[in-house]
Structures are given as C-alpha cells and as structure tokens.
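>>> my questions concern the predicted model and sequence given below.
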Amino acid sequence: MAKPLSLEKILFSQGFGTRRYCSDLVYAELVSIKGVLCEDPEERISTEGLVLNVEGKDWEFHEKAYIAFNKPANYECSHKTTHHPSVYSLLPRPFVERGLQCVGRLDYDTTGLLLISDDGQFIHKMTTPKKNIGKVYEITTPEPITQKQIDHLLKGVVLDDDPRPCLATACKQLGENTLAMTIVEGRYHQVKRMMAAVGNHVDTLHRTEIGQYVMPTDLAEGEWRWLYSADLQKLSKSVDAERA
C-alpha cells in the first residue's frame, strides 16, 4: 500500500506548481477530496485511488503519468517548436509542469496515437528497437500501392543515411492507395522515406497502434486519456508476441 504523503507534496508531485503555490491552493480553499474541502496542506493523505478536485476540476493521482494522445496535424512534438504550435499546448498545465515528454515523435503533419509520460524507463522501453514493439501506421498514397512495393517493404530498403536495411514487419493493404504498415524502429521520417524508396509517396500518415494497444475510437483529435496497467501491458507486447 502506498505511503501517505502530505497534501502539499501530492499537489507538487502532480504538477500544480511550487510547494508554496500548492500550499496556497489549499489555503485559498481550492482543493477538495470527495467533496470535503481541504484545509491543511500538511495533512497526510493516502494516494491509493486518490482523486483530487483542484480549482473545480477532478484530477486522478498518478505517481508516474502515462497518457495516450490523439495528435492532430500541424502540431510539433517538442517544447521548443519552429513553425507550428506544440502538442503540449493542448494538454493540461500540470502535465507540462511535471515534465512529461513525448514517447518518440510524430512529424508535424502525422496524426494519431502518441504516448506521453514522465517515466524515463518507460520512454526508453517503448522507443528502443531492441524491444521489438511494433507501431502501425495507416498510409495513403497518390499512386496505387503494388504487391511489388509491399514485397520490397517487407524485404527491406536501404535509406541513404544507413546501410542497414530498414524493413516493415507487416503490411496489410486496406485499399488501392491505402496501406497499414508495422515498423519497430523510429528513424527520421522513416515511413515517408521507405515509401519513397519503393517508388511511391505518402499523402497522409496516421498512427493507429503501438504493441497491441489500439487507439480508442472515441478519443477525438487533440484529446488525451490516462493509461492503466492493462493498457501498459498491451503496449509492451512485441511483434513476436503479436504473431504468437
């Protein structure tokens, strides 16, 4: 069972500001639990199943944050953007304050499933090719996708910055100009460059799955949701586990 923590420390850990500011939130009568107003920032509270209400909004306590986000087009996965707004601008302020980071990056014009967390070990696990965790992208192309192109993607193509073959672990043709492709790496502009290498091009790119976790159909663009233990287990499934 989780050790009780002071309310001030709980608020601080969740990204609600400095410890002094978190204390001031309590003194200003802006924090409640189960409808009961909190009065003492030093009160020790169990974090097990804890739901805070801060400034009128409910907030689940999570020691480490794991969220799924449906990334819209024309947003950058960076705190320091160049030409487009940041995906972090679409998230609640506490997430930014507690230092959440994108788990890998999607290009500004790529949409779909993006993981965001403050757990460094989780971020490494989900991004290293050694774990063999597949990422599924739905690709639309201006030219029809041929079986020859699919075979080439599965066999592997050589990109200009690396002599190692870069291959798809699975391809499923969804339509004449639509392909679902699974990869385990995350090289720079990898999917776009792979399609160009086989003689086609990407019109739109949308990530739908990571491991065995499929982005929920009711998660609208620009929205996020917490990931729980069952979701994390699905995310951790490797390509080999998917085929078993």
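Good, I have the coordinates. Residues are numbered from 1 along each chain as shown.
>>> helices along this structure, start to end?
7-13, 19-27, 93-97, 120-127, 147-155, 190-197, 229-235, 239-243 (DSSP state H).
>>> could these go into JSON lines alongside mean pLDDT?
What follows is these, written out as JSON lines (pLDDT from 0 to 100):
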{"stretch": "helix 7-13", "mean pLDDT": "97"}
{"stretch": "helix 19-27", "mean pLDDT": "97"}
{"stretch": "helix 93-97", "mean pLDDT": "94"}
{"stretch": "helix 120-127", "mean pLDDT": "94"}
{"stretch": "helix 147-155", "mean pLDDT": "96"}
{"stretch": "helix 190-197", "mean pLDDT": "93"}
{"stretch": "helix 229-235", "mean pLDDT": "95"}
{"stretch": "helix 239-243", "mean pLDDT": "57"}
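>>> and these, which is most packed in?
helix 7-13 (a mean of 21; mean count of other CB atoms under 10 Å). Every C-beta, even on glycine, is put in place using the N, C-alpha and C of the backbone.
>>> and that one, how far out from the chain's middle?
25 Å (CA atoms, centre = their mean, to the nearest Å).
>>> residues contacting that helix, please?
5, 17-19, 22-23, 25-26, 31, 38, 40-45, 47, 50, 52, 54, 61, 63, 98 (CB atoms under 8 Å, 6 or more residues apart in numbering).
>>> again, but for stretch 222-242
Contacts for stretch 222-242 (CB under 8 Å, 6+ apart): 60, 62, 65-70, 72, 90-91, 115-116, 122, 125-126, 131-134, 169-170, 182, 184, 210-213, 216, 219.
>>> residue ranges with poor pLDDT in the protein?
Residue ranges of the chain with pLDDT under 70: 1, 161, 239-244.
>>> circling back to that earlier point, which of the contacts of stretch 222-242 count as buried?
62, 65-70, 90-91, 115-116, 122, 126, 133-134, 169, 182, 184, 210-213 (16 or more other CB atoms under 10 Å).
>>> can you give me the domain assignment for the protein?
5-60, 66-129+212-243, 134-210 (automatic domain parsing).
>>> could you pick out the buried ones from the contacts of helix 7-13?
5, 17, 22-23, 25-26, 31, 38, 41, 45, 47, 50, 52, 54, 61, 98.
>>> which residue is the nearest non-sequential neighbour of Glu8?
Nearest residue to Glu8 in three dimensions, chain neighbours excluded: Pro41, at 3.9 Å (CB to CB, 6 or more residues apart in numbering).
>>> from Lys234, how far off is the residue nearest the centre of the chain?
The residue lying closest to the centre of the chain (CA atoms, centre = their mean) is Leu115, at 0.9 Å. Counting by CB to CB, to the nearest Å, the separation of Leu115 from Lys234 is 12 Å.
>>> distance check, Cys22 against Leu153.
51 Å.
>>> typo on my end, it should be Gly104
20 Å.
>>> swap in Gly199?
From Gly199 to Leu153 the distance is 11 Å (CB to CB).
>>> wait, Leu5 sits on Glu48?
No. Using CB atoms under 8 Å, Leu5 makes no contact with Glu48, being 11.1 Å away.
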